[in-house]
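*Asks:* What follows is a protein structure lacking sequence information:
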């Protein structure tokens with residue numbers, strides 16, 4: 001199994017920690033966010049790992065890890081950034097946002113969940129938003145789920161009380177799912193360049209969940225891989241301080 005980590009962004013809301021490094025290299029408990037991810041993947045048996053780099057790419061170097069460079073990171077978003085690693089998608093892959101830390105169990109949950117698409121969703125998500133004033137609930141990528149199938153996912157797509165949980169930015173795509181993603185991405189890119197896509201004002205700044213919702217709308221099934229906590233998103237300085245309190249300095 002292979003994994004693609006999307007790590008191109010600056011992390012402006014983590015300043016001053018990201019003044020001299022990308023968000024993925026900010027440290028928690030003495031190790032970078034990326035180092036935590038690599039350990040979780042490898043403990044789950046994932047030994048082929050790719051990182052999409054952007055801001056301060058010169059610093060993002062790890063042994064036994066292959067890289068792709070998104071040098072246009074300031075003008076695009078996570079969906080286009082992921083597709084810089086398109087050649088690594090063949091045969092299926094795991095993926096993760098580079099601003100999260102998670103346990104090995106979350107990786108295994110994604111790997112063991114059946115279907116062409118498995119999205120890791122935290123059922124205890126609301127607990128992490130208590131006191132999280134710098135990243136409020138309406139910024140969560142929440143999901144509505146029925147019979148373990150994700151019906152819609154993303155920010156401001158579902159009211160909190162109707163959400164089954166929060167998509168944590170980790171998931172798995174099968175070989176068939178990867179081919180469907182690639183076909184839909186290129187079709188939409190040709191049709192919608194410069195125009196809105198999903199909740200993005202332009203296709204170029206679309207989220208990964210915009211593509212997922214597009215695929216769902218045409219009949220693709222995305223399985224919910226449920227977890228109950230055991231992860232953290234590091235989007236703001238407040239998030240960093242709270243995560244350090246959980247994981248230790």
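*Replies:* Arrived safely, thanks for sending. Computed from a predicted model, the values in this text were never measured in an experiment.

*Asks:* Longest strand in this structure, please.
*Replies:* In the chain, assigned by DSSP state E, the strand with the most residues is strand 165-174.

*Asks:* In the following helix or strand past it, which residues are buried?
*Replies:* Per DSSP states H and E, the first helix or strand lying C-terminal to strand 165-174 is helix 175-192. Applying a neighbour-count criterion of 16 or more other CB atoms under 10 Å, one finds 177, 178, 179, 180, 181, 184, 185, 188, 189, 192 buried in helix 175-192. Yep, even glycine has a C-beta here, placed from its N, CA and C like the rest.

*Asks:* Stretch 74-90 too?
*Replies:* Residues 76, 77, 78, 79, 80, 81, 82, 83, 84, 85, 88, 89 are the ones in stretch 74-90 that count as buried (16+ other CB under 10 Å).

*Asks:* ok, for residue 26, nearest residue in space, not its chain neighbours?
*Replies:* The shortest distance from residue 26 to any non-neighbouring residue, by CB to CB, 6 or more residues apart in numbering, is to residue 17 (4.8 Å).

*Asks:* any idea how far residue 38 is from that neighbour?
*Replies:* Taking CB to CB, to the nearest Å as the measure, residue 17 falls 20 Å from residue 38.

*Asks:* likewise residue 68?
*Replies:* Using CB to CB, residue 68 is found at 16 Å from residue 38.

*Asks:* How far does stretch 99-110 sit from its chain's centre?
*Replies:* Relative to its parent chain, stretch 99-110 has a centroid offset of 11 Å by CA atoms, centre = their mean, to the nearest Å.

*Asks:* quick one, strands of this structure?
*Replies:* Using DSSP E, strands in the chain cover 2-7, 27-28, 31-32, 48-53, 66-69, 92-97, 100-102, 117-122, 141-146, 149-155, 165-174, 222-227, 231-233.

*Asks:* Tell me the strands beside the last one, with direction?
*Replies:* Strand partners for strand 231-233, identified by DSSP bridges, are recorded as strand 100-102 (antiparallel).

*Asks:* for the strand it pairs with, what is the average pLDDT?
*Replies:* Across strand 100-102, the average pLDDT comes to 92.

*Asks:* got a list of contacts for it?
*Replies:* The contact list for strand 100-102 (CB atoms under 8 Å, 6 or more residues apart in numbering) reads 28, 33, 36-37, 40, 96, 120, 168-170, 230-234, 243, 247.

*Asks:* coming back round to it: of residue 17 and residue 38, which one has the most company?
*Replies:* Neighbours were counted for residue 17 and for residue 38 using other CB atoms under 10 Å; residue 38 has more, 21 against 16.

*Asks:* From what I see, the more buried one and residue 64 are in contact.
*Replies:* No - in this structure residue 38 lies outside contact range of residue 64 using CB atoms under 8 Å: 9.1 Å.

*Asks:* okay, and the common contacts of these two?
*Replies:* residue 49.

*Asks:* Excluding chain neighbours, what is closest to residue 94?
*Replies:* Per CB to CB, 6+ apart, closest to residue 94 is residue 3, 4.1 Å.
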